[in-house]
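**Student:** From the sequence below, what's the structure:
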Amino acid sequence: MNAFDKDFTGLAQLEYGDADYLILKPGSYVLCAVTGEQIPIAQLKYWSADYQEAYKDAQTSTQRWLESHGGPGGAPEPQR
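**Tutor:** Below you'll find the predicted structure:
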């Protein structure tokens, strides 16, 4: 981010990559996909490129991963 970013307001739209993101529509924040809380762009550190979602912190990111993958060991094996 740079000195001009302070002029942006409202909800930003981002495209999340593996190591960075692309700003599609400038704004000052995004919403956490789990809690709905506003995350200032300058503080955004956690997101999923697969789900195209932002998360407020590491705990929330982990919570979402566990929900998506069926728990700590991943999705259970199908019964045969």
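
**Student:** residues in contact with the residue nearest to Leu11 when sequence neighbours are not counted?
**Tutor:** Leaving aside its chain neighbours, Leu11 sits nearest to Gly27 (5.0 Å; criterion: Cβ to Cβ, 6 or more residues apart in numbering). Where C-beta positions appear, they are placed from N, C-alpha and C, glycine not excepted. By Cβ atoms under 8 Å, 6 or more residues apart in numbering, the contact set of Gly27 is Phe8, Thr9, Gly10, Leu11, Ala12, Gln13, Ile41.

**Student:** same check, this time on Pro26
**Tutor:** Contacts of Pro26 by Cβ under 8 Å, 6+ apart are Phe8, Ala12.

**Student:** Of all residues in this protein, which one is nearest the centre?
**Tutor:** Centroid-nearest residue in the chain, with Cα atoms, centre = their mean: Ala54, separated by 1.3 Å.

**Student:** which secondary structure elements does the helix or strand hosting Leu66 contact?
**Tutor:** With secondary structure defined by DSSP states H and E, Leu66 is part of helix 58-69. When contacts are defined as 3 or more Cβ pairs under 8 Å, 6 or more residues apart in numbering; DSSP states H and E, helix 58-69 sits against strand 46-48, strand 53-55.

**Student:** contact partners of that helix?
**Tutor:** Identification of contacts with helix 58-69 by Cβ under 8 Å, 6+ apart yields Cys32, Ala33, Val34, Thr35, Tyr46, Trp47, Ser48, Tyr51, Glu53, Tyr55, Pro72, Ala75.

**Student:** For it, what does the pLDDT average out to?
**Tutor:** The average pLDDT within helix 58-69 is 92.

**Student:** What residues sit buried inside that helix?
**Tutor:** Thr60, Ser61, Arg64, Trp65 (16 or more other Cβ atoms under 10 Å).

**Student:** same check, this time on stretch 27-45
**Tutor:** Gly27, Ser28, Tyr29, Val30, Cys32, Ala33, Val34, Ile39, Ile41, Leu44.

**Student:** and what of stretch 11-21?
**Tutor:** Neighbour counts over stretch 11-21 (16+ other Cβ under 10 Å) mark Ala12, Leu14, Tyr16, Tyr21 as buried.
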